[in-house]
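> All I have is the shape, not the residue letters:
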């Protein structure tokens, strides 16, 4: 009589456990990759918005702004002024009041081709985490310039959260802000 070789229940459970561990490791790595991609996209968008702001200043003599925009001390992404800054960026750099609208007559478009994923509520420039970009022209450390930042998906004000911010200002200034 010939014996048949088959998997035992223990062997089968060990194989299933190894597969579950590998899936867990893969999912954790995917989360890190997605966060890295979002951070890279935010850096690219900040660079594009910065270039558009410089072009705007060359044409108009000053950076766009209006009363009610955030100051260096008001960086809460849930605050109204934070969203006002993101709206000012959208309106002034696209030349229109809402996504999908034709630019106003005579308005120059400094930031063309925005996608729906880059806009919050149809009229605010948004980061990859769907928070409005922070923007101000009256910061403490760089008067005469503009500040542009994203919270990197974090909305708290702890040092750990603010260290994840993606900003357009140098690290030496950033250390004083934190």
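Nice, thanks for sending it over. Bear in mind the structure is a predicted one, so any value in this text is a computation, not a measurement.
> for the record, mean pLDDT for the longest helix seen in the chain?
Taking DSSP state H as the assignment, the helix of the chain that covers the most residues is helix 9-60. Averaged across helix 9-60, the pLDDT comes to 91.
> Check which helices and strands it sits against.
Secondary structure elements in contact with helix 9-60, counted by 3 or more C-beta pairs under 8 Å, 6 or more residues apart in numbering; DSSP states H and E, are helix 80-94, strand 147-150, strand 166-167. The way it works is simple: take the backbone N, C-alpha and C, and place the C-beta from them, glycine included.
> gap between it and the chain center?
Using C-alpha atoms, centre = their mean, to the nearest Å, the distance from the centre of helix 9-60 to the centre of the chain it belongs to is 13 Å.
> quick one: it to helix 80-94, angle?
With axes from the mean of the first three to the mean of the last three C-alpha atoms, to 10 degrees as the criterion, the two stretches helix 9-60 and helix 80-94 enclose an angle of 70 degrees.
> Against residue 108, how distant is the spatially most central residue of the chain?
Nearest to the geometric centre of the chain sits residue 127, at 2.8 Å (C-alpha atoms, centre = their mean). Distance from residue 127 to residue 108, counting by C-beta to C-beta, to the nearest Å: 24 Å.
> Much appreciated, bye for now.
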